[in-house]
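*Asks:* Build me a model:
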Amino acid sequence: MEKKLQFYLRNLIHNGGSDLHLKSGAVIRLRVNGDLLKLGERVLSNEELDGIAQEILTQEQYHTLVTTKELDCTYVLDDDNRFRVNFFYQLNGLSSVMRIIPVKILTLDELSLPPVIGELADMHRGLILVTGVTGSGKSTTLAAMLDRINRTKKKHIITVEDPVEFVHQDRECLISQRGIGQDSLSFQNALKAALREDPDIILVGEMRDLETIEIALHAANTGHLVFSTLHTLDAKETINRVIGMFPEAEQNRIRMTLASVLEGVVSQRLVKTVDGKRAAAIEIMKRTARISELIGSNRDYEILDTIEEGKEIYGSQSFDQALLDLFHMGKISEEVVLENATNASDMKLKLQGIGVESDGKVDSSSQDIFDLKEVELVD
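*Replies:* Got it, this is the predicted structure:
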């Protein structure tokens, strides 16, 4: 059964996909450039998928899956390809989603990320959050930021992840990577222990609960540089989410703490490009005296305007500014700009007079050749 899984995964890689979807009683699907496409027409049975699970999991992991009805782990196909794996039960039986984890860690320049993200990675202390929906590239951005530190500073980096995704080699830094379930029983345990392990930088894979957030804030407040992720759409929502996790009586204290330790929020969305691929539109909030004042005085509604005003001076930018930049570079069409804009009506006004074709749209005819109905199946 494992050979069948490897066949599916090689097809995922061949087609440039990001996720393999296996569902009992359904056709196998691959996510390619954001779309979920069928891999042939063969239906996968529950027995086959259960057989795959039994072959690639340890006895302990399989027992956990059957007992808890879900499981996170990693799978190594070969030296160049690792996958983040989730098994779960649904109405028709067992299902699994396997996301490719690139072995090569791309640099910030190779990812074409704004220079200010490098400035955030160069911070000595504080909290930096990378946010966005699942699959928006948060882990890739964080890996590039850690890699920059690893190549330029002599520090101790501790990562706490579920599971470990990008594997970093010791370069200038000493890097200790801990997977939940494998190397520690919980985020809370690992984070509490991390503070006694002489870290300079701590990466928390995800701030899932109040206790994890509290420890991360404490670490940032005591001179460490802390990176983490949240499933939030922008800086304003991120601040509200963190504060809202705490009881009302604690929220003012947390707001003041955030105002002093939150160095930056990087929020990502993937948008379709004119060549059928995807590019990251990124909102960046960098802490300034003005931003700290707005957070501390509960004037979050003014943050977006402040971000936009700081583009030239501080390198901050809103999603709309990022979309316009991608449009100017010819990477995305006017239609995509308007679909993803915070306010489509305001964006229409901004687009008027900008280099577009006579019909008011960017020429995206080349996109047709990428509009795949099905992916290619290889042996």
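*Asks:* which helices and strands does the helix or strand harbouring D147 pack with?
*Replies:* Assigned by DSSP states H and E, D147 falls within helix 138-152. With contacts defined as 3 or more CB pairs under 8 Å, 6 or more residues apart in numbering; DSSP states H and E, the packing partners of helix 138-152 are helix 115-121, strand 126-131, strand 156-161, strand 201-204, strand 225-230, strand 262-272. Every C-beta, even on glycine, is put in place using the N, C-alpha and C of the backbone.
*Asks:* looking at those, which is closest to T212?
*Replies:* Closest of these to T212 is strand 201-204, at 6.5 Å (criterion: CB to CB).
*Asks:* Can you tell me how far the nearest residue to T222 once chain neighbours are set aside is from F246?
*Replies:* Nearest residue to T222 in three dimensions, chain neighbours excluded: L195, at 7.8 Å (CB to CB, 6 or more residues apart in numbering). Here the criterion is CB to CB, to the nearest Å. By it, L195 lies 20 Å from F246.
*Asks:* any weak-confidence spans in this protein?
*Replies:* Within the chain, the stretches with pLDDT under 70 are 353-379.
*Asks:* okay, now the domains of it?
*Replies:* Split into domains by automatic domain parsing, the chain comes to 2-102, 115-317.
*Asks:* Reformat those as JSON lines; add distance to V337 and mean neighbour count.
*Replies:* Shown next, in JSON lines, are the domains of the chain (distance: least, CB to CB, whole Å; neighbours: other CB atoms under 10 Å):
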{"stretch": "domain 2-102", "distance to V337": "16", "mean neighbour count": "17"}
{"stretch": "domain 115-317", "distance to V337": "8", "mean neighbour count": "19"}
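*Asks:* now those as TSV including distance to G330?
*Replies:* Shown next, in TSV, are those (distance: least, CB to CB, whole Å):
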stretch	distance to G330
domain 2-102	18
domain 115-317	7
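*Asks:* so which of those domains gets nearest E335?
*Replies:* So among the domains of the chain, domain 115-317 is nearest, using CB to CB, at 9.2 Å.
*Asks:* So the residue nearest to T222 is in contact with A219, correct?
*Replies:* Yes. With contact defined as CB atoms under 8 Å, L195 reaches A219; the gap is 6.1 Å.
*Asks:* what helix or strand is E312 on?
*Replies:* Assigning secondary structure by DSSP H and E places E312 in helix 311-314.
*Asks:* contacting residues around that helix?
*Replies:* V116, K286, T288, Q317, Q321 (CB atoms under 8 Å, 6 or more residues apart in numbering).
*Asks:* out of these, which one sits closest to D234?
*Replies:* Compare each of those with D234 using CB to CB and the shortest gap goes to Q317, at 11.5 Å.
*Asks:* tell me the contacts of the residue nearest to A341 when sequence neighbours are not counted?
*Replies:* Using CB to CB, 6+ apart and skipping residues adjacent in sequence, the residue nearest A341 is M347, 3.8 Å away. The neighbours of M347, taking CB under 8 Å, 6+ apart as the test, are D320, L323, L324, V337, L338, A341.
*Asks:* ok, G51 touching M1?
*Replies:* Yes. Taking contacts as CB under 8 Å, G51 lies within contact range of M1: 3.9 Å.
*Asks:* For the stretch 51-200 of the chain, just list every one of the helices.
*Replies:* For the stretch 51-200 of the chain, applying DSSP state H, counting those that start in this stretch gives helices covering 59-68, 115-121, 138-152, 187-194.
*Asks:* now these in CSV, with distance to E47?
*Replies:* Below are these laid out as CSV (distance: least, CB to CB, whole Å):
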stretch, distance to E47
helix 59-68, 15
helix 115-121, 47
helix 138-152, 33
helix 187-194, 35
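*Asks:* With respect to L351, which of the ones you listed lies nearest?
*Replies:* Ranking those by their distance to L351 (criterion: CB to CB) puts helix 115-121 first, at 24.6 Å.
*Asks:* Can I get the closest one as CSV, trimmed to CA atoms?
*Replies:* Taking C-alpha atoms only, helix 115-121 is exported to CSV below (Å, rounded to 0.1, in the frame of the first residue of the first chain):
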residue,chain,number,x,y,z
PRO,A,115,12.8,44.0,2.5
VAL,A,116,11.1,45.1,5.7
ILE,A,117,10.5,41.4,6.5
GLY,A,118,14.3,41.0,6.6
GLU,A,119,14.4,44.0,9.0
LEU,A,120,11.9,42.2,11.3
ALA,A,121,14.0,39.0,11.3
